[in-house]
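Asks: Next come a sequence and a model predicted from it.
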Amino acid sequence: MHPAPSVIIFNTFSGLGFGLLFWLGMGVLVPTGWAAFIWFVIAYLFAVGGLIASTFHLGHPERAIKAFSQWKTSWLSREGICAVFALITMAIYGAGLVFAGTRLGVFGVVGGLASLGVVFTTSMIYAQMKTVPRWRHWTTPAMYLILSLSGGALLAGQIKIAAVLLIVGGVLQIFAWGTGDRRFVEAGTDMESATGLGHIGKVRAFEPPHTGTNYLMREFIHVVGRKHADQLRIITIGLAFVLPVVLLLLASNHLIAALAVISHIAGVLALRWLFFAQAEHVVGLYYGKR
Amino acid sequence: MTQLPPPSAKKLGLVIDLDTCVGCHACVVACKGWNTENYGAPLSDQNAYSGAASGTFLNRVHSYEVQPDQGAAQLIHFPKSCLHCEDAPCVTVCPTGASYKRAEDGIVLVNESDCIGCGLCAWACPYGARELDANEGVMKKCTLCVDRIYNENLPEEDRQPACVRTCPAGARHFGDLGDATSDVSKLVAERGGFDLMPEQGTKPVNKYLPPRPKDVEPEFDILAPYLEPVAQDGTGFAHWLDKALSALPGGPK
């Protein structure tokens, strides 16, 4: 799959923002007044900034309002509704903390859970794709939730929670990669089933339908980007999980915490890039590629 | 609405004969022509006159080499367009309702004025039947020439998809695959028509007819009786020459 920068930025930063909103909503930290204002501005910059970035890959972003209509079947529609609900609920909760210095607990808990709901519905957009066997697995939503929760805890300065979740996340990511590498073959879709010619013999793509490239090949076949996958996996584990945990355990001043956050974000960006670049769509088989 | 309608009795679709297709790409050109000049946004090209040409097509012809365990490889031309699946995954993922399957005849269409160009339907399609037009930013796909097949302004023989109408080999057939007595359904039954990627569970309406098995001729040479070896009785000049040459170092025994 083509790793579109707008979608990678959306997945990374909105995940962090909604993770932070979750911990704020749950009352793990209860700032008031100006402090609360700053916490909520950070959370909204990440969450909303990512959402805005995600509209950059749309052909017609001006029609985005129509995307709220098909929640009965479409995970993208559900994600949009969930995001608006979470952001409004958490804005009311935040206003209570900032202006009145009171914690409207119900809004916090409901908005916090809805924030996780956004992350879950996002992950299901990918996990539902039968055409991309690597994504179609419970580890996809699990990783999205763990990354959001751990990144949010890291931003919220919750060292113990963040450290535990980062360790769990790192182990789960290694498991997801290991099992994901086999899933395309396990799914059983190959050139023989794609063409229905397997009963005759071994199928080879002889001549493509066109001399140049096309939308399908640009969007779904991303061979070049997978070249350095192994190195990027090591960098991802190092930056997203190991280094932040080490930094958190070392000391707890603001500079080191900031370094841990920056390292984690860089690692998650690499992780998201791999999430797309390594995902193989079955349509590539028609071109003799994966 | 992106909820799929209950399966329709009428299932309009194509039957493509892989035995007959000669790979001329006339269907590709006819499709591009009709669908650029008629319903919806035109199918645009980018850098059409350069080395990096690219464009939107609703129908493309691949060519595959198939190597049996024994015997010569076969070259099979393979036209591919939307299969108008019964369980169309492209429809249910659409967030706006732009992508829909018609309850009356099962044709899968895109309402272009509702399409936000998110591309999810193309992700969900295992067949690569949908292409986002780079100029218009909306999703394009085969309409089964819905503006031809019901068009009473056209002569009756033209009321079929442009690809079918133009195919010089008769490799493409259009009809109601929901009706077991239709010509296309009979063709599928007779020739063992099959689905592409059945394991994806999309239940395509379009069917493909397999190439007919190649004849296996016994090894037979019309000149063989006249080319019988003549010196098997071990007499004469040829026999002497055979023995003499075989006696040389390295000669055949």
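Replies: The structure has been received and is ready for your questions.

Asks: what residues does the stretch 1-150 of chain A put near chain B?
Replies: Within the stretch 1-150 of chain A, the positions near chain B by C-beta under 8 Å from any C-beta of the partner chain are A:1, A:57-61, A:63-64, A:66-70, A:72-77, A:80, A:125, A:128-132. Heads up, the C-betas are built off the backbone N, CA and C, glycines and all.

Asks: just the buried members of those residues?
Replies: Neighbour counting with 16 or more other C-beta atoms under 10 Å in any protein chain shown marks A:1, A:57-60, A:63-64, A:66-67, A:69-70, A:73-77, A:80, A:125, A:128-132 as buried within the residues of the stretch 1-150 of chain A next to chain B.

Asks: Could you measure from the residue nearest to A:Ser14 when sequence neighbours are not counted over to chain B?
Replies: In space, and not counting its chain neighbours, A:Ser14 is closest to A:Gly50: 3.0 Å by C-beta to C-beta, 6 or more residues apart in numbering or on different chains. Note on A:Gly50: its distance to chain B, by C-beta to the nearest C-beta, to the nearest Å, is 16 Å.

Asks: What's the local residue count around A:Gly50?
Replies: Neighbour count for A:Gly50, taken as other C-beta atoms under 10 Å in any protein chain shown: 24.

Asks: Mind telling me what element it is part of?
Replies: Here A:Gly50 sits within helix A:33-54, counting by DSSP states H and E.

Asks: All the strands of the chain, residue numbers only.
Replies: With no chain named, the answer covers chain A. Using DSSP state E, the strands found in chain A span residues A:202-207.

Asks: Wait, chain B was what I had in mind.
Replies: B:12-17, B:45-46, B:54-55, B:59-67, B:74-81, B:99-101, B:108-110, B:131-132, B:139-140, B:172-176, B:207-209.

Asks: now the fifth one and strand B:59-67, what's the angle there?
Replies: Okay, so that is strand B:74-81. Here the directions of strand B:74-81 and strand B:59-67 differ by 150 degrees (axes from the mean of the first three to the mean of the last three C-alpha atoms, to 10 degrees).

Asks: Just the C-alpha atoms of strand B:74-81, please, in PDB.
Replies: The C-alpha trace of strand B:74-81 is given here as PDB (Å, rounded to 0.1, in the frame of the first residue of the first chain):
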ATOM      1  CA  GLN B  74      -0.300 -21.100 -23.200                       C
ATOM      2  CA  LEU B  75      -0.700 -17.300 -23.600                       C
ATOM      3  CA  ILE B  76      -4.100 -16.200 -22.300                       C
ATOM      4  CA  HIS B  77      -5.500 -12.700 -22.700                       C
ATOM      5  CA  PHE B  78      -7.400 -11.600 -19.700                       C
ATOM      6  CA  PRO B  79      -9.800  -8.600 -19.800                       C
ATOM      7  CA  LYS B  80     -10.800  -7.400 -16.400                       C
ATOM      8  CA  SER B  81     -13.400  -4.900 -15.300                       C
END
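
Asks: buried set for that strand?
Replies: B:Gln74, B:Ile76, B:His77, B:Phe78, B:Pro79, B:Lys80, B:Ser81.

Asks: Name the nearest residue to the most far-flung residue of chain A relative to its centre, ignoring sequence neighbours.
Replies: In chain A, counting by C-alpha atoms, centre = their mean, A:Ile200 sits farthest out from the average C-alpha position, at 42.4 Å. Counting by C-beta to C-beta, 6+ apart, A:Ile200 lies nearest to B:Val66, which is 4.7 Å off, once chain neighbours are set aside.

Asks: any idea how far the one you found is from A:Ser54?
Replies: For B:Val66, the distance to A:Ser54 equals 42 Å [C-beta to C-beta, to the nearest Å].

Asks: more crowded one of those two?
Replies: Between B:Val66 and A:Ser54, A:Ser54 has the larger neighbour count (other C-beta under 10 Å), namely 25 against 21.

Asks: and that one, what does it touch?
Replies: Going by C-beta atoms under 8 Å, 6 or more residues apart in numbering or on different chains, A:Ser54 touches A:Ser6, A:Val7, A:Ile9, A:Phe10, A:Ser14.

Asks: List just the nearest of those to A:Val283.
Replies: For the contacts of A:Ser54, the residue nearest A:Val283 by C-beta to C-beta is A:Val7; the value is 18.4 Å.

Asks: That closest one - how many residues pack around it?
Replies: Using other C-beta under 10 Å, A:Val7 is surrounded by 19 other residues.

Asks: Next: A:Trp34.
Replies: Residues contacting A:Trp34 under the criterion other C-beta under 10 Å number 9.

Asks: Contact partners for it?
Replies: A:Val98.

Asks: B:Asp114 reaches A:Lys66, doesn't it?
Replies: Yes: contact status for B:Asp114 versus A:Lys66: in contact at 5.6 Å, counting by C-beta atoms under 8 Å.

Asks: any shared contact partners between these two?
Replies: B:Thr96, B:Gly97, B:Ala98.

Asks: Quick check: phi and psi on the first one?
Replies: So that's B:Thr96. Main-chain torsions, B:Thr96, degrees, to the nearest 10: phi -110, psi -10.

Asks: Please enumerate the helices of the chain.
Replies: You didn't pick a chain, so chain A it is. Assigned by DSSP state H, the helices in chain A fall at A:5-9, A:15-25, A:33-54, A:75-95, A:105-127, A:139-155, A:159-187, A:191-195, A:215-220, A:229-236, A:243-250, A:254-277.

Asks: wrong one, chain B
Replies: Applying DSSP H to chain B gives helices spanning B:26-37, B:89-92, B:120-124, B:146-149, B:162-166, B:183-191, B:236-247.

Asks: Check which helices and strands the third one sits against.
Replies: Using 3 or more C-beta pairs under 8 Å, 6 or more residues apart in numbering or on different chains; DSSP states H and E, the elements in contact with helix B:120-124 are helix A:215-220, helix B:89-92.

Asks: Run the chain-centre distance for that helix.
Replies: 21 Å (C-alpha atoms, centre = their mean, to the nearest Å).

Asks: How about the first one?
Replies: Centre-to-centre, helix B:26-37 and its host chain are 16 Å apart (C-alpha atoms, centre = their mean).

Asks: Likewise for stretch A:73-87?
Replies: Centroid separation between stretch A:73-87 and its chain, computed with C-alpha atoms, centre = their mean, is 15 Å.

Asks: what does stretch A:114-122 give?
Replies: Its chain's average C-alpha position is 10 Å from that of stretch A:114-122, according to C-alpha atoms, centre = their mean.

Asks: Same check on stretch A:98-114?
Replies: So, by C-alpha atoms, centre = their mean, the centroid of stretch A:98-114 is 25 Å from its chain's centroid.

Asks: Tell me, how many residues neighbour the nearest residue to A:Phe175 once chain neighbours are set aside?
Replies: Nearest residue to A:Phe175 in three dimensions, chain neighbours excluded: A:Thr139, at 6.7 Å (C-beta to C-beta, 6+ apart). Counted with other C-beta under 10 Å, residues neighbouring A:Thr139 total 21.

Asks: Which pLDDT value belongs to residue 59?
Replies: If you meant another chain, say so; for now it's chain A. pLDDT recorded at A:Gly59 is 90.

Asks: that's the wrong chain, I meant chain B
Replies: Looking at B:Asn59, its pLDDT is 96.
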